[in-house]
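> fold the following for me, if possible:
(2 chains)
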Amino acid sequence: MPLRSDHTRWSTAAKTFHWLMALLILGNGAFALWMDGLKPSMQKINMFALHKSIGLTVLALFLLRVLWRAIDRRPPDVPAPRWQHLAAKTVHGFLYLLIAAIPVSGWAFNSAHGFALQYFKQFNLPALVEKNPELSDTLGTVHVYLFWFLLLVLVAHVGGALKHHFIDRDDTLRRMLPFGRAKRTPPTFPGDTP
Amino acid sequence: MSLTTRRLSVLALALALPLAASAADYKVGPGSTLGFSGKFQGQQFDGTFGKFDAAISYDAANLAASKFDVTVDTSTAKTGDGDRDNALPGSDFFDTKKFATAHYVTTGFSKDAKGDIVANGNLTLHGVTKPVALKVVFSPNAGGARLSVTGTLKRLDFGVGSGEYKDTSTIADEVLVNGSLNLLPK
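From the prediction side, this is the model:
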């Protein structure tokens, strides 16, 4: 599999970022909903610490992904009406925004509450804001609602991908699948060099 | 000096000690603090005890007659975090219902390699008695004296943090203790 994206499919790097982050974000979200219901205990403390470490990993991956996106080529958009391209771009924009905003809001929430932030018990990260109980409550709510908003945006993202795959029967989803290969000859546009 | 006379002089000194002038007695005045510092998830937190009392007899020139006797109300520990402060008096930590006070009594004083004075004593905390050494800085002043002590202990030696709270990867075993007492003549 190519490290860099080509004309027909996303690169191994792009696919890895996409699926690994999808797994970590959804997994960490489900994990958070479960751990929140635990009775106060050392186990709960350690579960929260794990949730925070995974969230920081997502944030680090996000930064690497943005960097990679700037370097890598990308397969051209599959032909579709202009509004669909616009909708896809808007959805992708929100996804990127939320992928960064959720861990950052969690980090700020943690800081405002006055908790320590330790990455997988290895090293500590600084507080983003001063301890402030009121701000902590607000940020906690924001952190959770951003995740609900992400799920909403995800419905559009997944829905679009499935529509392309099953209704339009094009390569939009296939070229992002871990072992997917484009079935059709990719469209070429003037100025494109394969 | 021959061996015999040296032995005799040591004996004479030992006999004379109880007769030596006793050290000055002090009580705890306002502006005194007694605290501790631990580490939680790699970050230091500082706590203080709101209620404690001490009977201090001290004379730098007569350490043998000096003595610290400190009683601490462990239910008055405050660390600036509501969750932690609620947990500390509970049965997993200080268990203040069973063990309302901690008690420290010196057994003697010595000098360390740097020449600093060290108080050796026994700390009874959470029903467990273990030796704890404290570095002593004693500074006489117009109204009495300022006594600063620092030392470290291992919380698990005293069974502070039971069950899953024994996990030292989240709550460090080592705890720093510090006191800064404003001593007034008794």
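> ok, and does stretch B:88-99 reach over to chain A?
No. Counting by C-beta under 8 Å from any C-beta of the partner chain, chain A has no neighbours in stretch B:88-99; the shortest distance is 8.7 Å. Where you see a C-beta, it was placed from the backbone N, CA and C, and this is true even at glycine.
> residues in contact with that stretch: which ones?
Residues from elsewhere that reach stretch B:88-99, judged by C-beta atoms under 8 Å, 6 or more residues apart in numbering or on different chains: B:47, B:74-75, B:77, B:79, B:87, B:125-127, B:160-163, B:165.
> and the residues you listed, which is closest to chain A?
Top of the list for closeness to chain A, among the contacts of stretch B:88-99 and by C-beta to the nearest C-beta, is B:Tyr165 at 5.4 Å.
> up against chain A, what does chain B have?
With C-beta under 8 Å from any C-beta as the criterion, chain B comes near chain A at residues B:40-43, B:80-81, B:83, B:87, B:163-165, B:167, B:169-170.
> hmm, 6 Å instead?
Listed as neighbours of chain A in chain B under the rule C-beta under 6 Å from any C-beta of the partner chain: B:41-43, B:164-165, B:167, B:169.
> out of the contacts of stretch B:88-99, grab the one that's most surrounded.
With neighbours taken as other C-beta atoms under 10 Å in any protein chain shown, the top of these is B:Val160, carrying 26 neighbours.
> OK, contacts around that residue?
B:Val160 sits next to B:93, B:126 when contact means C-beta atoms under 6 Å, 6 or more residues apart in numbering or on different chains.
> need phi/psi at it.
With angles defined as degrees, to the nearest 10, B:Val160 sits at phi -90, psi 110.
> just give me the neighbour total for B:Lys166.
Using other C-beta under 10 Å, B:Lys166 is surrounded by 16 other residues.
> just B:Ile171 next, same as before
By other C-beta under 10 Å, 22 other residues sit near B:Ile171.
> so what's it bridging to?
B:Phe40 (DSSP bridges).
> ok, now how distant is B:Ser75 from A:Ser41?
According to C-beta to C-beta, to the nearest Å, B:Ser75 and A:Ser41 sit 22 Å apart.
> do A:Ser136 as well
21 Å.
> secondary structure element for B:Ile56?
Using DSSP states H and E, B:Ile56 sits within strand B:52-58.
> and for that strand, what are the contacting residues?
Applying C-beta under 6 Å, 6+ apart, the external contacts of strand B:52-58 come out as B:23, B:25-26, B:28, B:34, B:66-72, B:138, B:183.
> just the buried residues out of those, in ChimeraX syntax.
Buried subset of the contacts of strand B:52-58, written as a ChimeraX selection, criterion 16 or more other C-beta atoms under 10 Å in any protein chain shown:
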select /B:23,26,28,34,66,67,68,70,71,72,138,183
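> show me which of the contacts of strand B:52-58 is closest to chain A.
B:Leu34 (22.9 Å).
> tell me which element that closest one is part of?
Element membership for B:Leu34, per DSSP H and E: strand B:33-40.
> packing partners for that strand?
Applying 3 or more C-beta pairs under 6 Å, 6 or more residues apart in numbering or on different chains; DSSP states H and E, we find strand B:33-40 packed against strand B:43-49, strand B:174-185.
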